[in-house]
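>>> coords please:
(one chain, ligands or ions: 1)
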Amino acid sequence: MSLEKCDIGVVGMAVMGQNLALNIESKGYKVAVYNRDHDKTKKFIEERASNKNILGTYTYEELAKSLNRPRKIMLMVKAGKPVDDVIEQLLPNLEKGDIIIDGGNSHYKDTNRRFKYLQDKGIRFLGTGISGGEYGALHGPSIMPGGDKSAYEEMKDIFEAIAAKTEDGPCVAYLGPSSSGHYVKMVHNGIEYAIMELISEAYDIMRKVFRLSADEMHEIFKKWNDEHKSYLMEITYKILEWKDEETGKPLVDVILDSAQQKGTGKWSVQDALDLNISIPTINAAVNARTLSAIKHERLEIGNIFDTPVNNSLNNDFINSVRDALYIATIIAYAEGMKLLQVASSEYGYGLDLSEVARIWEDGCIIRSALLKPIQKSFKSKPNLVNLIISEEFRKDFENRIPKLREVVSEIKKIGIPIPAFASALDYFDGLRSKELPANLIQAQRDFFGAHTYQRKDKEGIFHTEWQDIHNI
Ligand SMILES: NC(=O)c1ccc[n+]([C@@H]2O[C@H](COP(=O)([O-])OP(=O)(O)OC[C@H]3O[C@@H](n4cnc5c(N)ncnc54)[C@H](OP(=O)(O)O)[C@@H]3O)[C@@H](O)[C@H]2O)c1
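Presented below is the predicted three-dimensional model:
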């Protein structure tokens, strides 16, 4: 190892940090690494990083001294308090103008707080969403940075070198100020939850109604993916053909039906509620995971109310499921883009939604062929009211909404839960309804709480004395 200083430091030698450090080094940069548990650093240096231009450091002081100025230090540690802990311990070793990049899944409000805190100390901060899991981190992730613009300019070459590449360029762009990068990553994960749930509901229909085996569904999803070209569908068909070494059965059949979550999907829903934005398909996906986790309650209730599955549907119905999945997936993206559009204006991010779609085209978990037309939609109309009225998808909505409706109504008759499919359809039906029953809700609110109402025929705020409370 030469004595020349390192170009960048990476703190956190778990899966993401290790693979990102290796990716950066492979592009010709010298990398210093640090981990709280020094044995992990040592092991990494001796094994995966041996004979590479990667320097192991064992104190924050040593890390800081090993770096060229302005120092660039990327944190790949557990989101939450660990990020604050690391920042506090790094600070005494940094100088004004140095750059901290938080590459973890931090909550955007924490990023806002850290941005201001570090700005006051003259440290430049980039809240940076990174998607693609460990494979993406090593071979090319999608990178979503936001925060200090000048810090981005300093990091641009490294980011562009390590990011996934498409014909439209590297999957990274400066997204905007403060927490914009982490916000975009949060919504990315919300869309991810929805697509995963939609695919799983299609799988549930095929196995319960048509009694298809995992191998048969492997073939179907593989075929459907010719159209989606989606990472999540690709891993789905690969999972379905995987056999359990112990039992010889498809591994998916021996995995417990109880899903965990780390919180980014829930955060999207919470923030959408705060912004008065409806994202029902994403919401349904978060709720579905929560419901899946109470397996013991489902067993108890399922023993009382059994689900009869009568198959009166013919095999053509599977093609309707294919179309329903396709259109509901577009709706999941539409909800996420709408949330980004409103958050951008509310929080002053100034997001370019076509750029967001472009950097999601490869490297990230929600990459799919749909991102190209999504990118085009927002390029030609940056203030597009909703993706569902984009010219790019007009034909798809005309042709496939009837299939989504068919799937939701037939499956609801049977009693298999399809919350994401049903919510996607309700989102579409709600948005295209020129008349909703909220007039009655206004009247009810005014009746019991004197909350007032607006009228169709004239401007103003009105109240009716619906009841004579003094004579009740
Ligand atoms: N895994 C993925 O596929 C993925 C994908 C995208 C984004 N992310 C995000 O990227 C970040 C890193 O993810 P990961 O899966 O590689 O790791 P992780 O399991 O989220 O975190 C483990 C790392 O955090 C360090 N750490 C925990 N508490 C600490 C503290 N108080 N002080 C200093 N270091 C501390 C650990 O150090 P010790 O070894 O000393 O415990 C270890 O290096 C997370 O924010 C994660 O949400 C992960």
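>>> looking at this, residue 146 is in a helix?
No: Residue 146: not assigned to a helix; according to DSSP: H, G, I helix; E, B strand; the rest coil it is strand.
>>> Any idea what it is bridged to?
Bridge pairing for residue 146 (DSSP bridges) gives the partners residue 127.
>>> what's around the nearest residue to residue 27 once chain neighbours are set aside, how many residues?
Using Cβ to Cβ, 6 or more residues apart in numbering and skipping the chain neighbours, the partner closest in space to residue 27 is residue 161 (3.9 Å). For the C-beta atoms, the positions are set from N, CA and C on the backbone; glycine is no exception. Neighbourhood size, residue 161 [other Cβ atoms under 10 Å]: 17.
>>> before we move on, what about the one 10 residues further on?
Number of residues near residue 171 (other Cβ under 10 Å) recorded here: 27.
>>> what separates it from the ligand, distance-wise?
Separation of residue 171 from the ligand (Cβ to the nearest ligand atom, to the nearest Å) stands at 14 Å.
>>> before we move on, what about residue 166?
20 Å.
>>> Next, the contact list for that residue, please.
Counting by Cβ atoms under 8 Å, 6 or more residues apart in numbering, residue 166 makes contact with 358, 361, 362.
>>> Can I get stretch 454-470 in PDB, CA atoms only?
C-alpha atoms of stretch 454-470 as PDB (Å, rounded to 0.1, in the frame of the first residue of the first chain):
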ATOM      1  CA  GLN A 454     -69.000  24.500   0.500                       C
ATOM      2  CA  ARG A 455     -71.800  24.600  -2.100                       C
ATOM      3  CA  LYS A 456     -71.700  23.700  -5.800                       C
ATOM      4  CA  ASP A 457     -73.700  26.700  -6.900                       C
ATOM      5  CA  LYS A 458     -71.900  29.600  -5.100                       C
ATOM      6  CA  GLU A 459     -68.700  30.600  -3.500                       C
ATOM      7  CA  GLY A 460     -68.400  30.800   0.300                       C
ATOM      8  CA  ILE A 461     -68.600  28.800   3.500                       C
ATOM      9  CA  PHE A 462     -72.100  27.700   4.700                       C
ATOM     10  CA  HIS A 463     -73.600  26.200   7.800                       C
ATOM     11  CA  THR A 464     -77.100  24.800   8.400                       C
ATOM     12  CA  GLU A 465     -78.800  24.600  11.800                       C
ATOM     13  CA  TRP A 466     -79.600  20.900  11.200                       C
ATOM     14  CA  GLN A 467     -80.900  20.300  14.800                       C
ATOM     15  CA  ASP A 468     -82.300  22.500  17.500                       C
ATOM     16  CA  ILE A 469     -79.800  21.500  20.200                       C
ATOM     17  CA  HIS A 470     -81.600  23.600  22.800                       C
END
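>>> buried stuff in it?
By neighbour count on 16 or more other Cβ atoms under 10 Å, the buried set for stretch 454-470 is empty.
>>> repeat for stretch 388-396
Buried residues in stretch 388-396 (16+ other Cβ under 10 Å): 388, 390, 392, 393, 396.
>>> Ends of it, what's the gap?
The first and last residues of stretch 388-396 sit 10 Å apart, counting by Cα to Cα, to the nearest Å.
>>> filter the contacts of residue 166 to the buried ones?
By 16+ other Cβ under 10 Å, the contacts of residue 166 give 358, 361, 362 as buried.
>>> Tell me if the last one really is in a strand.
No: assessed with three-state DSSP, residue 362 is coil; it does not lie in a strand.
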